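**Student:** Just the structure for this:
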Amino acid sequence: MRNHALTYYCRTMTKWEYATVPLLVHATKQILDNWGLDGWELVQVVPGPNSENLIAYMKRPLG
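**Tutor:** Got it, this is the predicted structure:
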């Protein structure tokens, strides 16, 4: 019984793909909206290499 539950879990587990996206401070919403239309979900935003940029980490189900 225990192995059956583990097999079911592994077959239904979601697999993800990830993207790292540079964001411009003045166009953040537009950039995120465009990625969202393609099925990407925002995971986190962190500071970029300078004060004009941010980095967004995105994910979406694979396949």
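**Student:** didn't residue 40 look like it was pressed against residue 58?
**Tutor:** Yes. Assessed by C-beta atoms under 8 Å, residue 40 is found in contact with residue 58 at 4.1 Å. In this view, the C-beta of every residue, glycine as well, is placed from N, C-alpha and C.
**Student:** Find residues that contact each of those two.
**Tutor:** Jointly contacting residue 40 and residue 58 under the rule C-beta atoms under 8 Å, 6 or more residues apart in numbering are residue 19.
**Student:** For residue 16, give its distance to residue 49.
**Tutor:** 26 Å (C-beta to C-beta, to the nearest Å).
**Student:** Equivalent analysis for residue 30, please.
**Tutor:** For residue 30 relative to residue 49 (C-beta to C-beta), the value is 21 Å.
**Student:** Between these two, point out the one with more neighbours.
**Tutor:** residue 30 (11 against 8; other C-beta atoms under 10 Å).
**Student:** does the more buried one count as helix, strand or coil?
**Tutor:** With DSSP: H, G, I helix; E, B strand; the rest coil as the basis, residue 30 sits in helix.
**Student:** ok, now which ones touch it?
**Tutor:** Shown in contact with residue 30 (C-beta under 8 Å, 6+ apart): no residues.
**Student:** where does it land on pLDDT?
**Tutor:** The score at residue 30 is 97. That number is its pLDDT.
**Student:** Residue 25 now?
**Tutor:** 87.
**Student:** For the chain, give me the ranges with low pLDDT.
**Tutor:** Within the chain, the ranges that satisfy pLDDT under 70 run 1-10.
**Student:** what are the ranges of the helices in it?
**Tutor:** 2-12, 28-37 (DSSP state H).
**Student:** any idea how far residue 38 is from the nearest residue to residue 47 once chain neighbours are set aside?
**Tutor:** Leaving out its chain neighbours, the residue that sits closest to residue 47 by C-beta to C-beta, 6 or more residues apart in numbering is residue 54, at 6.4 Å. As judged by C-beta to C-beta, residue 54 and residue 38 stand 19 Å apart.
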